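Undergrad: Just need the structure, nothing else, for what follows:
(2 chains)
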Protein chains: 2
Amino acid sequence: MNDIAPLRLAIVGLGTVGGGVIRLLEENGALVARRAGRAIEVVAISARDRGKDRGVDLSHYEWVDDMASLPSRADIDVVVELIGGADGPALTLARQCLTLGKPFVTANKAMIAHHGLDLAHQAEKSGVALKYEAAVAGGIPVIKGLREGAAANRIKRVYGILNGTCNYILSTMEREGKAFSDVLADAQRLGYAEADPTFDIDGIDAAHKLSILSSLSFGTEIDFPSVDITGIRHVLAADIREAAALGFKVRLVALAECEAEGGRNIGLFQRVHPMLVPVDHPLAHVDGALNAVVAEGNFVGRLFFQGAGAGEGPTASAVVADIIDVARDEYGPAFAMPAEWLQRQVKADAGQRTGRAYMRFRVKDRPGVLAEITAAMRDANVSIESVIQRAAVEDEGALVALVTHQGALACIDDVLRRLGGSDSLVDTPMVMHILD
Amino acid sequence: MNDIAPLRLAIVGLGTVGGGVIRLLEENGALVARRAGRAIEVVAISARDRGKDRGVDLSHYEWVDDMASLPSRADIDVVVELIGGADGPALTLARQCLTLGKPFVTANKAMIAHHGLDLAHQAEKSGVALKYEAAVAGGIPVIKGLREGAAANRIKRVYGILNGTCNYILSTMEREGKAFSDVLADAQRLGYAEADPTFDIDGIDAAHKLSILSSLSFGTEIDFPSVDITGIRHVLAADIREAAALGFKVRLVALAECEAEGGRNIGLFQRVHPMLVPVDHPLAHVDGALNAVVAEGNFVGRLFFQGAGAGEGPTASAVVADIIDVARDEYGPAFAMPAEWLQRQVKADAGQRTGRAYMRFRVKDRPGVLAEITAAMRDANVSIESVIQRAAVEDEGALVALVTHQGALACIDDVLRRLGGSDSLVDTPMVMHILD
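TA: Here you go, the predicted model:
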């Protein structure tokens, strides 16, 4: 091992993940060196605030105030960016590194979702690695699983649970029967949710990750803006209860599908939204802050990956896996094929999709309401598979919940339009598609 | 893509998997070429019997009768071995290829379990790839997952469901309440089990795969002979029923753990045997012919991979993933580190292990039997967590099934010794450890 020079790192960003990477390299250093074929050394560290107490002794690493000096340093082989944020210093650093031919490892999903294609072009031009395993599903090696493990397959669909905060909230609501806002407040107190939880609970974080998985799966250019996003704010404890009675769990599912016609891709469908998952589907057993990804390939069938989607240890594990790939010189184009071969894909027309859906109405407790809803369903040509009506429970009001038969999902929108003006409804109905 | 020469393959062995690889390369060829960065061409094929109808048109591939001529051919870049068998022609071919410096891809678990270390030494000496993703868990990229995805971790345990035939039989017994022999006969008729099912149902196939996962996980030399193996022949439908009543499923689990003391490995524990899996553990939801692998890393936590463990499509998917790695020039030492760094590990003393166990006794239906069993448990210092006694059901006889508290598993053997001569027992008691 001694005849190969160590791989020298600069680590930029010393929050939870940065601290985790340093701790991992200290604790597992000998093992990592055996697997990487060479020692891995941290030669420089940088972050915004040098004075901050990070609970880890950093005194034996060279502190660098000006991170812009790192990309050009000859004694640094790889820059590891753990600052976060789509733009700003992370992006500036990435561009500097890749332009100057410095391999770049990042955990930054927002930056990859927004600028991954440009960065990949630059990395290829310079002939250096751009690695981002930790950007999707934390410790689960799903980038590698899609880029390499499933590389022989045409991927039909890729989907999963990509946000641990939402999954923690939904599975806690399920277990404790509590309302969304109460569970969110608990999660914030326990550190499972940020003080500003918007990115997580409104589905943006999951959408960043989905757009990356899409590109890898379908060989398309990353297209974050075309992801349709609905978060979990409007899921009631009652929805979870009724879903359970109908044989489903509620999960925030990120799903992408490349629609094909005669072997040609004709449109990319990408959506993050709460869905009903049948209880016998592997995603139904993904509880708490876990993440999971399913890829359906035309030869391999259904591949399922599950693990910790966030946190110091798992994220550090993914970052260091990337570093080991660079140390082994086992890396290639960031998105599985040269960036210029990625295809630009139009957004699929969601109105053409078929499936089953769950609809829930909060209604006034008076005669004729169920007749009004079912008439709207009939007029919109939506066929009902099962229906539950419950008398008012606490402050949730009376509920009508139903599951439709397989059909055109556009007709569901028609039901909502027909019921739009009705004063039988207390608020906007909830629609969740069913994962089939 | 046109400026890089195609990667030229010889495929040896044209059974289910060989046919699948050819079909995959024909059907997904353009996509595979984009991901591999170059076209992949089959230039020669070989198998024992040229005349056999394989249901696929092979007339446009060059047929080679003498496979020994392939390793030295300059117009072949990779030899893909899909013959099977630990020794014999597969091994001869592997040795020829690796000695002559020809990259070698195989799906042959028996050969890798028995000769993988030697072959890895030879591959490294010649500086060529030795790849075997399809040898373990079919289409699931678990070799890659451990070798690369989890590479930053000290793996504490690796375990899983590695034999689809056994899992199919156990989950069918569970669903239909049928006896082992009846389900096996059905499985043979349906093609889920071989005419001679010994390798599968006696756990040997799973043990081959486990020995490979151990080596990758712990950095140890493959040690197949030290795997303790018990198959599923003696599992009764009643065991599955009682296990369910106690909150468990019965699965054939292959489990390896490298026991450490003060950071040093002191022994390798490898066992394949039917176990009780708590219903809330991910392995409890692995039904039918699926495979699954769990790796527990010191940073990543619990990683779970699930998918099809056998069959034409999934196995071909794994073989071609390896071929793509070779085409990309992204490969390294076969067992994650140079073969000379792998450590020889003594077999751990299983008698030192602790845990919970399920014990089932078929007993004569007469007074005092339960007292006799519980006295033996007390004398052996085994504490009982729960017990079920059932009157005789059909031809299974009266049953006593129980679950012990956490304790030294060696004491379970003591219970069996104490009850050894008892004429209250109809046959040998069944012991299954509990996965905790």
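
Undergrad: just the helices in the stretch 1-150 of chain A please.
TA: For the stretch 1-150 of chain A, helices defined by DSSP state H, counting those that start in this stretch occupy the ranges A:16-27, A:29-36, A:88-100, A:109-126, A:142-144.

Undergrad: Comparing the ones you listed, which comes out most buried?
TA: For those, the largest average neighbour count (mean count of other CB atoms under 10 Å in any protein chain shown) is found in helix A:142-144, namely a mean of 28. No exception for glycine: its C-beta is placed from N, CA and C like everyone else's.

Undergrad: The nearest residue to A:L216 once chain neighbours are set aside: neighbour count?
TA: Distance criterion CB to CB, 6 or more residues apart in numbering or on different chains; nearest residue to A:L216, sequence neighbours excluded, is A:L146 at 4.5 Å. Burial of A:L146 is recorded as 27 neighbouring residues (other CB atoms under 10 Å in any protein chain shown).

Undergrad: How about the contacts made by A:L146?
TA: Taking CB atoms under 8 Å, 6 or more residues apart in numbering or on different chains as the contact definition, A:L146 lies against A:155, A:158, A:213, A:216-217, A:295, A:336.

Undergrad: Adding neighbour count, secondary structure and distance to B:Q122, write those out as TSV.
TA: Formatted as TSV, those follow (neighbours: other CB atoms under 10 Å in any protein chain shown; DSSP: H, G, I helix; E, B strand; the rest coil; distance: CB to CB, whole Å):
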residue	neighbour count	secondary structure	distance to B:Q122
A:I155	24	strand	36
A:V158	26	strand	38
A:L213	26	helix	38
A:L216	28	helix	34
A:S217	26	helix	37
A:A295	26	strand	34
A:A336	24	coil	31
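
Undergrad: Which single one of those is nearest to A:V183?
TA: A:L213 (27.1 Å; CB to CB).

Undergrad: Now that closest one. Nearest residue, chain neighbours left out?
TA: A:L213 sits nearest to A:V158 (CB to CB, 6+ apart), 5.0 Å away.

Undergrad: Surely that neighbour and A:G297 touch.
TA: No - assessed by CB atoms under 8 Å, A:V158 is found out of contact with A:G297, at 9.5 Å.

Undergrad: what helices or strands is the helix or strand of chain A with the lowest mean pLDDT leaning on?
TA: Sorted by mean pLDDT, DSSP states H and E, the helices and strands of chain A end with strand A:384-393, the least confident at a mean of 84. Packed against strand A:384-393 by the contact rule (3 or more CB pairs under 8 Å, 6 or more residues apart in numbering or on different chains; DSSP states H and E) you find helix A:237-245, helix A:369-379, strand A:397-404.

Undergrad: Would you mind putting the ones you listed into a markdown table with mean neighbour count and mean pLDDT alongside?
TA: Formatted as a markdown table, the helices and strands packed on strand A:384-393 follow (neighbours: other CB atoms under 10 Å in any protein chain shown; pLDDT from 0 to 100):
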| stretch | mean neighbour count | mean pLDDT |
| --- | --- | --- |
| helix A:237-245 | 20 | 95 |
| helix A:369-379 | 16 | 95 |
| strand A:397-404 | 21 | 91 |
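
Undergrad: what about these, which gets the closest to B:I22?
TA: Of all the helices and strands packed on strand A:384-393, it is strand A:397-404 that lies closest to B:I22, at 43.3 Å by CB to CB.

Undergrad: Just give the strands next to the closest one in its sheet, each with its orientation.
TA: Note on strand A:397-404: by DSSP bridges, its sheet partners are strand A:357-363 (antiparallel), strand A:384-393 (antiparallel).

Undergrad: Can you name the element that comes right after it?
TA: strand A:407-408 (DSSP states H and E).

Undergrad: Could you identify the helix or strand that succeeds that following strand?
TA: Past strand A:407-408, the next helix or strand by DSSP H and E is helix A:410-418.

Undergrad: Just confirm A:T172 is within a helix.
TA: Yes - the assignment for A:T172 (DSSP: H, G, I helix; E, B strand; the rest coil) places it in a helix.

Undergrad: Could you list the buried residues of stretch A:354-366?
TA: A:356-363 (16 or more other CB atoms under 10 Å in any protein chain shown).

Undergrad: quick check: domain ranges of chain A?
TA: As given by automatic domain parsing, the domain ranges for chain A are A:7-135, A:142-307+A:333-348, A:351-433.

Undergrad: can you give me the end-to-end distance of the shortest one?
TA: Just to be clear, that refers to domain A:351-433. 13 Å (CA to CA, to the nearest Å).

Undergrad: again, but for stretch A:318-338
TA: Rule used - CA to CA; the end-to-end distance of stretch A:318-338 is 23 Å.

Undergrad: Endpoint to endpoint, stretch A:9-25 covers what distance?
TA: OK, stretch A:9-25 end separation, CA to CA: 11 Å.

Undergrad: give the contact list for A:D186.
TA: A:172, A:178.
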